[in-house]
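**Student:** can't give you the sequence, but here's the structure:
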């Protein structure tokens, strides 16, 4: 198995440098090769410092701290997200975007040595403003795509959205979901907290949606992300 993985990585590196070496026989393709569209092209990796682990799995969290998450909901969400962070293996990449009164912004860049900062930022989050889902998800997708360049397109990529409501007008994530599912292997997970299954991010076959009606459901929904990673 190690020989196969080595061959795949060498083939990818050679193709990026213009050698044009073609795999022979029925050698398995990288897990991120897409049926449609393109993921990472040779030109995308110019001047990029490669990750030391080209097969790294990466998880990027979008945390909804809009006004509707006020009260006990946001506190329970913080507990569940921090518990989730603690369960993510140290070698996995982890990143975080929060949208609150300051709007959507990346609070923790995708990386592996950021767990203490991750917990601190999650705990200090305060609710406010609306639900700009598409903008927040775009930030997460851009971060995952940048990491994919550092991994030559290899590895694993999960975008995890924890939200309690629909997007504000003009911020519907439908078109972005289309883009992500068409051009990338990024897996979109949504945990809908106290909103049921009728949500724009509940798209069977295209997203993985978990209905969370309690803190226990929320924690289980987040744990299922790692379960999906094991399957992957």
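**Tutor:** Done, it's in. Because the structure is predicted, anything quoted here is derived from the model rather than measured.

**Student:** can you count the residues close to the closest residue to residue 105 other than its chain neighbours?
**Tutor:** Of all residues not flanking residue 105 in the chain, residue 97 sits nearest, at 6.6 Å (CB to CB, 6 or more residues apart in numbering). In short, each C-beta sits where N, CA and C put it, glycine included. Close neighbours of residue 97, defined as other CB atoms under 10 Å, add up to 23.

**Student:** which residues of the protein fall in strands?
**Tutor:** 57-64, 93-100, 103-111, 156-163, 187-193, 208-212 (DSSP state E).

**Student:** next, format those as a markdown table and append distance to residue 133 and mean pLDDT.
**Tutor:** What follows is the strands of the chain, written out as a markdown table (distance: least, CB to CB, whole Å; pLDDT from 0 to 100):
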| stretch | distance to residue 133 | mean pLDDT |
| --- | --- | --- |
| strand 57-64 | 8 | 98 |
| strand 93-100 | 8 | 97 |
| strand 103-111 | 9 | 97 |
| strand 156-163 | 7 | 97 |
| strand 187-193 | 9 | 97 |
| strand 208-212 | 13 | 96 |
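
**Student:** now render these as TSV, adding distance to residue 40.
**Tutor:** Shown next, in TSV, are the strands of the chain (distance: least, CB to CB, whole Å):
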stretch	distance to residue 40
strand 57-64	13
strand 93-100	16
strand 103-111	15
strand 156-163	11
strand 187-193	16
strand 208-212	23
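
**Student:** pLDDT-wise, which helix or strand of this protein ranks last?
**Tutor:** Ranked by mean pLDDT, DSSP states H and E, the weakest helix or strand in the chain is helix 2-16, scoring a mean of 44.

**Student:** excluding chain neighbours, what is closest to residue 184?
**Tutor:** residue 39 (5.6 Å).

**Student:** ok, residue 64 touching residue 160?
**Tutor:** No. At 11.4 Å, residue 64 does not count as touching residue 160 under the criterion of CB atoms under 8 Å.
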